[in-house]
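Trainee: predicted model and sequence follow; I will ask about them next.
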Amino acid sequence: MPRITLPDGSVKEFDRPVTAGEVAASIGAGLAKAALGAKVNGELTDLSTRIEKDATVSVVTAKARGATQPDADSLYLLRHSTAHVMAEAIQRLFPGVQLVYGPPLETNFYYDMAFPPGVSMSTEDFARVEAEMAKIIAEDRPFTRYDVPVNDGMAKLKKEGSKYKLDNAERAVEAGSSALSWYATGAPGKDWEDLCRGPHVPSTGKIGGFKVLSLASSYWKGDETSDRLTRVYGTAFATKAELDAYMTQVEEAKKRDHRVLGKQLRLYHIDEMVGQGLILWTPNGAVIRQELQNFIGEELRRQGYHQVFTPQIGKLELYKTSGHFPYYQESQYPPIIDHDQMKELVTEECSCGELANRLKSGEIDGYMLRPMNCPHHIKIYASQQRSYRDLPVRLCEFGTVYRWEQSGEIGGMTRVRGFTQDDAHLFVREDQVAQELQGCLSLVKLIFETLGMHDYRVRVGLRDKDSAKYIGDPKAWDSAEQACRDAAKSFGASFSEEAGEAAFYGPKIDFIVKDVIGRSWQLGTVQVDYNLPKRFGLEYIGKDNTPHVPVMIHRAPFGSFERFVGCLIEHFAGAFPTWLAPEQVRVLTISEKSEVYGREVLAMLQKADVRVTLDESSERVQSKIKAATEMKIPYLLVVGEKDAEARAVSVRARGFQENLGAMPVAEFVSTVDREIRSRGKESVAQRFGK
RNA sequence: GCCGCCCUAGCUCAGUGGUAGAGCACACCCUUGGUAAGGGUGAGGUCGUGGGUUCAAGUCCCAUGGGCGGCUCCA
């Protein structure tokens, strides 16, 4: 006889096996009505799940009582159920479509499908699909599970002829399933059904708000060489209001997209004629980059780094030694070869394949646009004899690198073909690794704290032991991986260890943030490397008067300026703190009568090295305020005759939709100057008690 | 690179076979107005590029460049 423990700790006893739905009903009729599913012993299930033994049961509702947010489990159930409804609707409209896999996601769901040859769906079909879905939902058909023994189930699938579902079933059996389960939307054997593990909400009527979002494509099992599938995205909520709120939120997020703001605030430009993925930093964006560089530069000097400058190309020999060429050939710009060799090859009518072979064999030499800065820095280290007393040697450079990313994955500032890393390479003794790693991590921490970025995750990238792409001795890898793990632990934040995420020469600690549309980007990175020093034969003379191989640490706390600024634009929604803002202050004159004074205020701010402009156009102040507000300028100073007389400025600070009041101009200059130099620790707004 | 969609004025977009449009921005004139758009006039486009179909193409077809969303990839 099952004893059911409820989330509040209370226990209910039943004298017979019960369903999760009955448990829900026993808690309260209102709750049962709202119930979408249940969790039995922590596992998400249907309300129809039978409970025969003692269990802990909680009820999944669209919105737990008192909660303002729907709980994640309810949305999982709802979205997966909506995926079934969508699949049925699409199969009705497009006969012959085969289903593959339709999981729920954090904010939406998709269903991968194989369309028959010559048949495809377009965004124009969404309305029809949604109309079909609405019918199914209006019918409020129950999701009914039924189990079939493995052999019978396989036979059934074979008969139906879906190779994808058959494959899903085979994998389920491999994973130990003793039976295969189907979910009918309605009555088994009569209504539409799908091979599915579940669970589902009780009936289609529970789906309150839904939408077909987009079309994409995918590969079967994620394999590039396998079948190409059509992926239809949609989303669902318990109510139409929640769907609308979500759609509004998506619209708002789009306004914060760095590609939109980049144009609106004139931060950067990408020109077709220059090339895909090559960022042109316009004056406004350049200010931000320069300020970030100054900020980190100050810190590097404090921490004993030495600035170096190195060229953006190097001979193939350099990259053959480092291991980049030819193993990463397809992700690099092709080598540059000299004029005479080029002429010779042309007259010989040498094919590209032959050229590649000759470059590979070393028969002809060439230069490469560098994909990384490390080989150049390594050569600086190697350029003189080093003693153990000299270590650590910390060489830093804002180094520009070029990588031939696939055209389809380039976009905005976050994935580009040329970018500048805030790079450094530390050559250290083995006993210094731990401390130096900590130093590197502290830089990352400083950056995130100064910029108020708290929403990031930490990943320790380890090698995939089955993969052949990593170079070096497994023992060295083990110690490097342990060093990363230890350093990540000491960092304080939680982190995940992920195999297969290491660089080809060593493990790393990455800092990852999400953009406005939910994609993850790696920013800062710290990598331990026992391999490249060996490949380049680096050494230092130890205390024992014999040569030793140093350990290298690669680190870039921002990652790259391009990607970092792209994420930063979204983080601040374009409203940069005053120290980073391209235009920090704008002076707005009320009429021609205040022009002379306006110019005087402008000059005072310019003298204090504040980035300031003067708007003395013949528009009204209201219009000038609107224009300046759209450019997200931190401070607007309205100056009219009254202000001129009082030698004051009327301050309007971004974020406050009002005139904060007048302040003597000299005081504003000194206050804003302190705000800028303290990087926001003080502010003009504070002076007004805001 | 692959699949799908998109590309019209500086920007945002309307225009689905019959002589290119709007708003904002820009220029000039009027207006001198105290905290999110004062008024008028004007200039600005070989409709991404190259082919094709048609009496006629921004509109239909093919190719190509670029963008977007996925996928794959990301030292």
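Mentor: Structure's in. What do you need?
Trainee: quick check: phi and psi at A:A556.
Mentor: phi -140, psi 100 (degrees, to the nearest 10).
Trainee: for it, what are its contacts?
Mentor: A:Q421, A:D422, A:D423, A:A424, A:G524, A:T525 (CB atoms under 8 Å, 6 or more residues apart in numbering). Bear in mind the C-beta positions are built from the backbone N, C-alpha and C, glycine included.
Trainee: for those residues, which one is nearest RNA strand B?
Mentor: In terms of CB to the nearest atom of the strand, no member of these lies closer to RNA strand B than A:T525, at 7.5 Å.
Trainee: contact partners for that closest one?
Mentor: By CB under 8 Å, 6+ apart, A:T525 lies in contact with A:K508, A:I509, A:D510, A:F511, A:H554, A:R555, A:A556, A:G559.
Trainee: got those residues as a markdown table, with distance to RNA strand B columns?
Mentor: Converted to a markdown table, these look like this (distance: CB to the nearest atom of the strand, whole Å):
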| residue | distance to RNA strand B |
| --- | --- |
| A:K508 | 7 |
| A:I509 | 12 |
| A:D510 | 9 |
| A:F511 | 14 |
| A:H554 | 8 |
| A:R555 | 12 |
| A:A556 | 10 |
| A:G559 | 11 |
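Trainee: now render these as JSON lines, adding pLDDT, distance to A:F576 and secondary structure.
Mentor: Below are these laid out as JSON lines (pLDDT from 0 to 100; distance: CB to CB, whole Å; DSSP: H, G, I helix; E, B strand; the rest coil):
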{"residue": "A:K508", "pLDDT": "94", "distance to A:F576": "29", "secondary structure": "strand"}
{"residue": "A:I509", "pLDDT": "95", "distance to A:F576": "27", "secondary structure": "strand"}
{"residue": "A:D510", "pLDDT": "94", "distance to A:F576": "25", "secondary structure": "strand"}
{"residue": "A:F511", "pLDDT": "95", "distance to A:F576": "20", "secondary structure": "strand"}
{"residue": "A:H554", "pLDDT": "96", "distance to A:F576": "29", "secondary structure": "strand"}
{"residue": "A:R555", "pLDDT": "96", "distance to A:F576": "25", "secondary structure": "strand"}
{"residue": "A:A556", "pLDDT": "96", "distance to A:F576": "22", "secondary structure": "strand"}
{"residue": "A:G559", "pLDDT": "95", "distance to A:F576": "19", "secondary structure": "coil"}
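Trainee: now the closest residue to A:K165 other than its chain neighbours: phi and psi?
Mentor: Distances taken as CB to CB, 6 or more residues apart in numbering put A:L195 closest to A:K165, at 4.8 Å, once the chain neighbours are dropped. With angles defined as degrees, to the nearest 10, A:L195 sits at phi -60, psi 120.
Trainee: residue closest to the middle of chain A?
Mentor: A:S520 (1.6 Å; CA atoms, centre = their mean).
Trainee: go ahead and confirm the residue nearest to A:K165 touches A:N168.
Mentor: Yes. At 6.3 Å, A:L195 counts as touching A:N168 under the criterion of CB atoms under 8 Å.
Trainee: how much space separates A:L614 from A:L637?
Mentor: From A:L614 over to A:L637 the distance is 9 Å, taken as CB to CB, to the nearest Å.
Trainee: neighbour count winner among these two?
Mentor: A:L637 (26 against 20; other CB atoms under 10 Å).
Trainee: which ones are touching that one?
Mentor: A:V585, A:R586, A:V587, A:L588, A:V601, A:V649, A:S650, A:V651, A:R652, A:F668.
Trainee: what helix or strand is A:T235 located in?
Mentor: strand A:228-237 (DSSP states H and E).
Trainee: which elements pack onto that strand?
Mentor: Contacts defined by 3 or more CB pairs under 8 Å, 6 or more residues apart in numbering; DSSP states H and E place strand A:228-237 against helix A:72-93, strand A:109-114, strand A:209-219, helix A:240-256.
Trainee: out of these, nearest to A:E160?
Mentor: helix A:72-93 (12.2 Å; CB to CB).
Trainee: ok, now how distant is A:V585 from RNA strand B?
Mentor: To RNA strand B, A:V585 is 13 Å away according to CB to the nearest atom of the strand, to the nearest Å.
Trainee: could you list the buried residues of stretch A:266-281?
Mentor: Neighbour-count burial for stretch A:266-281, counted by 16 or more other CB atoms under 10 Å, picks out A:L267, A:Y268, A:I270, A:G277, A:I279, A:W281.
Trainee: ditto for stretch A:100-118
Mentor: Going by neighbour count (16+ other CB under 10 Å), the buried part of stretch A:100-118 is A:V100, A:Y101, A:G102, A:P104, A:N108, A:F109, A:Y110, A:Y111, A:D112, A:M113, A:A114, A:F115.
Trainee: going by distance to RNA strand B, which of those wins?
Mentor: Nearest to RNA strand B among the buried residues of stretch A:100-118, with distances taken as CB to the nearest atom of the strand, is A:Y110, at 7.6 Å.
Trainee: what sits against that closest one?
Mentor: Counted by CB under 8 Å, 6+ apart, A:Y110 has contacts A:A83, A:G102, A:P103, A:A216, A:R231, A:V232, A:Y233, A:G234.
Trainee: need the worst-confidence member of the residues you listed.
Mentor: For these, the weakest pLDDT value sits at A:A216, with 84.
Trainee: my read: that one touches A:L229, true?
Mentor: No. Counting by CB under 8 Å, A:A216 stays clear of A:L229, with 9.5 Å between them.
Trainee: give me the more crowded residue out of those two.
Mentor: Ranked by neighbour count (other CB under 10 Å), A:A216 and A:L229 place A:L229 first, with 22 against 12.
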